[in-house]
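*Asks:* Quick one, structure for this:
(one chain, ligands or ions: 2)
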Amino acid sequence: MPGKVNISMKQGQAKPSKAIVSEGDLVVKGQLIGVPSGTYSVPVYASIDGVISEIITRRISYKETAEIVVINENKKYENKYEQSGVGSLSPASLGTANLAGGKKAANFLRDIGIVGMGGKGIPTFYKYKEKKEIHTVIINGIDYEPGLTQLYRLIMECPGKILFGAKELASISNAKKIIVCIDKKSEEAEYILQKTVSKYKKILNENIETIIMPIAAKLSLGDDRQLILEALGKPEEGAIVSCAATAAAVYDGFYDGKPLINRGITVSGCVDYPGNFWVPIGTSFKSLISHCGGLKSDRCLILDGGVMTGTSVDLEEAHVGITTTGITVIEKGDFKETPCIHCGACEKVCPVKIVPYKIDRAYLYDKNQYKNLNAQDCIGCGSCSYVCPARRRLTERILIAGKELKKKKDYPQKAEKVLTENKGRYIELDSSWSGALDDLETMTQSAPHIRSQVTSSQIMLRVFAALLPAAASVIYIYGIRALLIICVSIVACMVIEGGWQIYRRKPVTIWDGSAAITGMLLVMTLPSTTPISLVLAGDIAAILLGKQIFGGLGRNRINPALTGSCFIKLSAGAAYLFTQNNYLKDILFQSMIENVSLLLIMGFLFLVIQKVVLFWPSVILVVLTSLVDYIIGIGGLLNGNLILGGLFMASDYASIPATYKGRMLFCLATAGITLLSGQIFGIDFGIYFAILIMNITTCILSTYTI
Ligand code: SF4
Ligand code: SF4
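*Replies:* Ligands and ions are numbered 1, 2, ... in the order given. As a prediction, the model looks like this:
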C-alpha cells in the first residue's frame, strides 16, 4: 500500500469533477469524493481508507490545473466500504446494474467513474452514448508500446473479467459481436482466453459472438481507427473499441459493485526490479519506483506511459491516474535536431499516410501550408520521429498543428517561438507555475523518447565509405595528382562551408560529412589534370551556390557537387570556344571515374543494403539510358558519368523527391534528358545537366506524388 495517494479530480479527458470532501474528513475505499461538473465528467472515488490531509490545486499539464485530493492512509477504516456502502452509490445498486440493461446500464458506466484506460481517457459512457448502431465491440488487449506488459498480465490473471466486461459493453450497445484483439506473439494469452470462452460458452455466447483475434502488435494499434481497420479489414462506423483494462473495470462495477479505484500498470526501464503492479489510483510514481529499486542514474527521465508515446513527468509530482498504463524510466536522450535531409523515411512509416517532413516545414516556416497536409489525422504514434535520422521533432509539431487545425484557428505565436528559437526548451512560463519546472531537463522532452540509431551524419559516413574504393582506385590509376585534387577539394569544401557559417553566425556543421562528400563527388567528375584553382572555383560554386544560398543541408534544391562540376565544365567549354585549347576540352569531356564503374556499382549496392538509397529508381535510370542508347545507336552513354550520376547523384536525398513515385518519375525524366542531350549535342556526360534540370522540378514532383 502506498501510505498516501494524490487523487486528481481530472481523469483522462473528462472534465474536472468537483471535490466534495474537506481537509480532516475520514474516507473509506470506494467513497465518492468528487462529483461530476458537467455532462462530460465522471465521479471520482477514494482509492484507500484514510484521512483527507489536504486539497490542493496543481498544474497537471502546460495548460491545465486540477484539484488534487490527498488522502493519508489509515487502516482503522479498512473494508468499511464493503460492509456499508457509501457515497451516492451503494454496492447493491452497482451490483445489479447489469440486470437493468440498455440505457440505464450505460449510465452506470458513468457512475462507476470509468474513463478509457488505454491511455486516451475518453469517458466510456460518453463514447458508448455517442455512437449509434454499434454492431461490433473490439477489445484492445495489445500492449502496443515497447516495454509495457500490463494488458498481457491482466489477460493472464483475469480473462473472465475482460470477457464478461466486454459482454456488458456489447449489451449496452446492442452489438452482436465481440472481438478481443491480442498480440500474436502472446500464445499463452490466446490459449487462456480461448479456454475461458469455451468454459463460459453458454453464458457468453447467448446472443453475442465472441472472437479472439491475434494480431501483430504495432504502434499504430493504440488508435481506435487503426485497430478497427486491422480487425475488420476496413473502416467500420459500426465498430467501437475499448481497452481490455476498461472491460475488466466494467466487470468490477457491474458484477462486484466496485467503482474504478485501482488499475494495473507496468514499471519498466532503468529500475532494478521491473514488474506489473496493481495499485490504487493516486499512488505516487516515486513510491513505485522506490519499490522497484530506485533510479539507476542522475540522468533519468520518468515517463507516464511508454517510450514512444509517454509524457515526461516530474518525479515529485506524478501520480498514477486512470489512464496511466505504465511508468518507464529511461536515460535521457541527446536528440539534437539537424536539418531534414529529405530521406523520406518518416513518410514511409506513417500508418495514416501523411507526410511528416512537409508538416514540419510548414509548421516552422509557413503555417498556412499545413492546412492541406492533414495534420489532424496524426495518431501520435511517434514512428516518424523515431526513424528520422535528423532527429526532427516531428510528432510533437504535427500533433500541435493537428490540434490547431481541429480548433480551426491559428495556433499561438508563442508556441512557435519557443520551438524555433529556443531549440525545444520552453522559455516563457506561466508565472503561477513557480517551482514546478526547476528541473527543465525532466519536463520538456517530447515523445518519442527513444530514436533509431541512424543519424544524418552516419548516413553521410556510409555514402563516403561507399565512394572510397572508387576514389582509391582513381588514385591508383592517376597517381599523386588525383590524390592531391581529391584532398584539396574535400578540405576546401569543408573550409568554405565552415567559413560561410561562421560569417552568417550559424552553427558550424562541417563534421556532418556532407561537405566532404560534395568535395569528393565534384572532383571525380573532372580529369586529374584539372588545375587546383579551377577545382577551388568549383568548390566555391558547389557550397555557396548549390547549398548555402538555399539555407544549407537539406534545404538545397540542386545537387551541390553537380553545381560545382557543371560550373567548371561550362567555364572550360566557354573558354575552349575562344582558345581552342585541347586542355580545356579535356576538362569538359573527361573525368577520373571512367574506369572505376564496377567499384561505383559495388558502393551503390552497399548503400542499398544499408537502406540508405532505393535500388529501383537509380537502376532503372542507368539501365534505361544504356538500353535506349544501344537501340537507337547514340553511342557511349554507358560510362562512368552515367554510373556516378545515376547511382549516386540521382539518389541524393535533398535534391530529389522524397516519395517513391516521385523518385521514379525523376529518374525516368533524367534518363530522357540524358538521351536527348546525347542525341542533340553528342555529349556523354549529359546526365549531370539532366539531374540538375530535374532537381528544379523536385518540389513539384514531391507535391503531386504524395
Ligand atoms: S505523423 Fe508521425 S506520429 Fe503521426 S501518425 Fe504519422 S508516423 Fe505517427
Ligand atoms: S530527415 Fe527524413 S525522416 Fe527526418 S523529417 Fe526529413 S524526410 Fe523525414
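*Asks:* contacts and neighbour counts: CA atoms only from here.
*Replies:* OK.
*Asks:* Return the distance of residue 221 relative to residue 334.
*Replies:* For residue 221, the distance to residue 334 (C-alpha to C-alpha, to the nearest Å) stands at 28 Å.
*Asks:* Looking only at neighbour counts, state which of the two leads.
*Replies:* Ranked by neighbour count (other C-alpha atoms under 10 Å), residue 221 and residue 334 place residue 221 first, with 24 against 11.
*Asks:* wait, what's in contact with that one?
*Replies:* Under the criterion of C-alpha atoms under 8 Å, 6 or more residues apart in numbering, the contact partners of residue 221 comprise 142, 144, 227.
*Asks:* Using JSON lines, lay out the residues you listed together with distance to residue 699 and pLDDT.
*Replies:* As requested, those are exported to JSON lines (distance: C-alpha to C-alpha, whole Å; pLDDT from 0 to 100):
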{"residue": "142", "distance to residue 699": "40", "pLDDT": "95"}
{"residue": "144", "distance to residue 699": "36", "pLDDT": "90"}
{"residue": "227", "distance to residue 699": "34", "pLDDT": "94"}
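*Asks:* So which of the residues you listed wins on neighbours?
*Replies:* residue 142 (30 neighbours).
*Asks:* Could you report the separation of it from ligand 2?
*Replies:* Distance, residue 142 to ligand 2, using C-alpha to the nearest ligand atom, to the nearest Å: 27 Å.
*Asks:* Kindly report the same for residue 664.
*Replies:* From residue 664 over to ligand 2 the distance is 17 Å, taken as C-alpha to the nearest ligand atom.
*Asks:* mind listing which of the contacts of residue 221 are in strands?
*Replies:* Of the positions in these, not one sits in strands, assigned by DSSP state E.
*Asks:* Filter those residues down to the ones in helices?
*Replies:* In this view, the contacts of residue 221 that belong to helices under DSSP state H are residue 227.
*Asks:* Out of the contacts of residue 221, which comes closest to residue 288?
*Replies:* Checking these against residue 288 with C-alpha to C-alpha, the nearest one is residue 144 at 22.3 Å.
*Asks:* tell me the SS of residue 533?
*Replies:* For residue 533, the reduced secondary structure class is helix; criterion used: DSSP: H, G, I helix; E, B strand; the rest coil.
*Asks:* Quick check: the closest residue to ligand 2 within the stretch 451-600 of the chain vs residue 695, distance?
*Replies:* Checking the stretch 451-600 of the chain residue by residue against ligand 2 with C-alpha to the nearest ligand atom singles out residue 456 as nearest, at 7.4 Å. Distance of residue 456 to residue 695, computed by C-alpha to C-alpha: 21 Å.
*Asks:* Next: residue 306.
*Replies:* In this structure, residue 306 and residue 695 are separated by 41 Å, where distance is defined by C-alpha to C-alpha.
*Asks:* Compare those two (neighbour count), which wins?
*Replies:* Here residue 306 and residue 695 are compared on neighbour count by other C-alpha under 10 Å; more neighbours surround residue 306, at 31 against 22.
*Asks:* Now do the contacts for that one.
*Replies:* Residue 306 sits next to 145-148, 325-328 when contact means C-alpha under 8 Å, 6+ apart.
*Asks:* With distance to residue 338 as new columns, can the contacts of residue 221 be given to me in a markdown table?
*Replies:* Output for the contacts of residue 221, formatted as a markdown table (distance: C-alpha to C-alpha, whole Å):
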| residue | distance to residue 338 |
| --- | --- |
| 142 | 34 |
| 144 | 29 |
| 227 | 34 |
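*Asks:* out of the contacts of residue 221, who's nearest residue 555?
*Replies:* Sorting these by distance to residue 555 puts residue 144 at the head of the list, at 35.1 Å, by C-alpha to C-alpha.
*Asks:* Any stretches of the chain with poor pLDDT?
*Replies:* Across the chain, residues meeting the criterion (pLDDT under 70) sit at 1-2, 62, 76-104, 408-444.
*Asks:* Which parts of it belong to which domain?
*Replies:* Taking automatic domain parsing as the reference, the chain has its domains at 1-86, 89-260, 262-331, 345-430, 456-704.
*Asks:* quick one: contacts for the residue most central in space within the chain?
*Replies:* When the chain is reduced to its mean C-alpha position, the closest residue under C-alpha atoms, centre = their mean turns out to be residue 382, at 2.1 Å. Contact criterion C-alpha under 8 Å, 6+ apart gives 308-309, 395, 447-448 as the residues in contact with residue 382.
*Asks:* Please repeat the previous calculation with a cut-off of 6 Å.
*Replies:* When the contact criterion is C-alpha atoms under 6 Å, 6 or more residues apart in numbering, the partners of residue 382 are 308, 395, 448.
*Asks:* and the domains of the chain as JSON lines, adding distance to residue 339?
*Replies:* Supplementary listing: the domains of the chain in JSON lines, determined by distance: least, C-alpha to C-alpha, whole Å:
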{"stretch": "domain 1-86", "distance to residue 339": "27"}
{"stretch": "domain 89-260", "distance to residue 339": "26"}
{"stretch": "domain 262-331", "distance to residue 339": "22"}
{"stretch": "domain 345-430", "distance to residue 339": "6"}
{"stretch": "domain 456-704", "distance to residue 339": "6"}
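*Asks:* Quick check: which of those domains is nearest to ligand 1?
*Replies:* Checking the domains of the chain against ligand 1 by C-alpha to the nearest ligand atom gives domain 345-430 as the closest, at 3.6 Å.
*Asks:* Tell me where the stretch 201-350 of the chain has strands.
*Replies:* Assignment of strands within the stretch 201-350 of the chain using DSSP state E, counting those that start in this stretch yields the ranges 209-215, 239-243, 262-269, 275-280, 300-304, 311-313, 326-331.
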